[in-house]
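Undergrad: just need the structure, nothing else, for what follows:
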Amino acid sequence: MISRRGFLKGVAVSFAMSAGRFFEPKYIFGMSFIGPKGLPEGALRESIMAVLPGKKPLIKRSYRPPNYETPVRYFNDIFTPNDVFFVRYHLSNIPQVDVKRWRLRIGGDAVDKPLELSMDDLKRSFEPVEIAALNQCSGNRRGLFSPHVPGVQWGYGAMGNARWKGVRLRDVLNRAGIRAGALEVTLNGADGPVLPATPDFVKSIPIWKAINENTLVAYEMNGEPLPQWNGFPARVIVPGWTATYWVKHITDINVISKPFDGYWIKKAYRIPSSRFPIVERFISQETEVDTPITEMVVNSLITNIEDGQIFRLGHAIEIRGVAWDGGYGIKTVEVSTDGGRGWQSAELGRDYGRFSWRQWSFVFRPPRRGKYTVMAKATNRIGQTQTFELIWNPAGYHNNVVQGVGVSVV
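TA: Numbers count the residues shown, from 1 in each chain. Reported below is the predicted structural model:
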């Protein structure tokens with residue numbers, strides 16, 4: 001069997017960290033980012049705007065590996081533009097892949113006949129599918145945890161909504177032949193560690209999730225080829241689940257008959273058992289203490305007004321935002337303008353599918369001058385709603401505390 005290292009040489013992968021020029025961001029001096037209240041002082045101090053090749057200015061959270069956040073104002077669009085879509089990596093060797101020589105290998109002990117597919121094979125041999133879905137980092141809003149926890153100190157912008165086009169993963173796996181006893185599917189991309197002792201970023205998903213009709217191998221994003229920083233030439237799309245499973249630069253997919261024991265599933269991206277209202281469980285990887293993070297929790301975000309903003313009395317204030325969950329669909333969004341004492345229903349925008357976020361709006365006519373705290377609370381179709389108190393966990397996941405934005409009317 002060809003080793004992964006040998007395979008990567010065969011598909012003409014070069015690593016940006018070694019090349020330097022491709023990776024190097026340009027810093028935008030004079031463009032400061034204050035950030036949401038509650039971010040650690042150090043994170044605020046390091047919150048500078050930077051431009052990666054092919055991107056507009058994003059908020060730098062870390063340089064190596066590259067982690068860059070989307071400014072909230074771009075979330076007023078139903079689909080987040082490719083050139084401002086957030087960037088998330090765990091490892092610092094970022095690949096540049098020659099798509100003409102790229103191959104996707106399907107193997108593992110639970111397939112009948114291993115496959116090797118080119119991009120042309122994917123596009124010509126399988127039915128194309130497009131789905132609107134939110135891609136959100138598991139640690140989005142981690143920087144707002146109190147007490148603070150280690151990890152990338154994300155504010156609100158480690159997410160983005162897009163139209164993803166590709167082929168169903170189940171169609172690819174069926175071509176290889178899934179054997180009885182298949183339990184999980186492992187996913188490996190071309191990005192890699194700098195040091196050999198660092199675990200490669202390999203994930204697994206349960207077989208039932210892999211063969212779900214909505215799980216894709218995508219090669220387009222918002223009608224264009226995947227951007228380099230978002231997984232070119234192909235990535236896995238697992239709608240409803242957090243982005244840790246959406247493996248970028250995908251090269252190897254293996255169907256296995258035993259629970260995967262890699263670091264990024266056994267040790268990382270785990271949450272305390274029974275703390276969150278999770279429906280889709282990863283049972284083969286659960287313990288009595290913790291379980292892999294899976295689906296996103298119901299959440300919302302105010303996108304068009306900022307904390308401390310000033311408005312004039314006598315003018316209506318349109319409040320806009322987005323709401324989302326793990327794929328059950330948003331039922332209602334309620335808005336409070338008095339710090340949570342009273343709530344009124346917001347108007348929901350067009351439904352682009354249960355995995356897309358849902359836009360909402362509310363018109364507020366302040367009755368008097370003074371300070372107001374605007375809040376938004378989403379509820380999904382299975383009755384889950386946002387919390388008012390943080391469900392603390394050591395990795396800083398699933399922050400869906402109801403947001404409050406303070407404004408003044410003069």
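
Undergrad: low-confidence regions, the stretch 301-410 of the chain specifically.
TA: For the stretch 301-410 of the chain, no stretch has pLDDT under 70.

Undergrad: same check, this time on the chain
TA: 1-24, 27-34.

Undergrad: quick one: residues contacting the residue positioned nearest the centre of it.
TA: Using C-alpha atoms, centre = their mean, the residue of the chain that lies closest to the mean C-alpha position is Gln136, 2.2 Å off. Contacts here follow C-beta atoms under 8 Å, 6 or more residues apart in numbering; on that basis Gln136 touches 158-160, 242-243, 296, 324. The way it works is simple: take the backbone N, C-alpha and C, and place the C-beta from them, glycine included.

Undergrad: look up how far Pro225 lies from it.
TA: 22 Å (C-beta to C-beta, to the nearest Å).

Undergrad: Pro65: what's it in contact with?
TA: So Pro65 contacts 89-92, 94 (C-beta under 8 Å, 6+ apart).

Undergrad: on that earlier part again, spatially nearest residue to the residue nearest to the centre of the chain (excluding sequence neighbours)?
TA: Closest residue in space to Gln136, ignoring its immediate chain neighbours: Met159 at 3.8 Å, by C-beta to C-beta, 6 or more residues apart in numbering.

Undergrad: count of residues packed around that neighbour?
TA: Met159: 27 surrounding residues under other C-beta atoms under 10 Å.

Undergrad: next one: Ala180
TA: 6.

Undergrad: swap in Tyr74?
TA: The tally of other residues near Tyr74 (other C-beta under 10 Å) stands at 19.

Undergrad: what ranges do the strands span in the stretch 251-400 of the chain?
TA: Taking DSSP state E, counting those that start in this stretch as the criterion, the stretch 251-400 of the chain carries its strands at 270-272, 290-292, 299-302, 310-311, 317-324, 330-336, 344-345, 347-348, 358-364, 370-380.

Undergrad: okay, those, which one's buried deepest?
TA: For the strands of the stretch 251-400 of the chain, the largest average neighbour count (mean count of other C-beta atoms under 10 Å) is found in strand 299-302, namely a mean of 25.

Undergrad: which elements pack onto that strand?
TA: strand 317-324, strand 370-380, strand 403-409 (3 or more C-beta pairs under 8 Å, 6 or more residues apart in numbering; DSSP states H and E).

Undergrad: and for the first one, what's in contact with it?
TA: Think strand 317-324. So strand 317-324 is contacted by 75-76, 134, 136, 161, 296, 298-305, 311, 330, 333, 335, 346, 356-366, 374, 376, 378, 407 (C-beta under 8 Å, 6+ apart).

Undergrad: do the second one as well
TA: Where contact means C-beta under 8 Å, 6+ apart, the residues beyond strand 370-380 that reach it are 298-302, 305, 319, 321, 323-325, 328-340, 343, 346, 360, 364, 366, 385-386, 402-409.

Undergrad: so how far is it off the chain centroid?
TA: Taking C-alpha atoms, centre = their mean, to the nearest Å, one finds the center of strand 370-380 at 24 Å from the center of the full chain.

Undergrad: just the shortest one next, same as before
TA: Between the centre of strand 403-409 and the centre of its chain there are 27 Å (C-alpha atoms, centre = their mean).

Undergrad: and Arg312, what does it touch?
TA: With contacts defined as C-beta under 8 Å, 6+ apart, Arg312 is in contact with 409-410.
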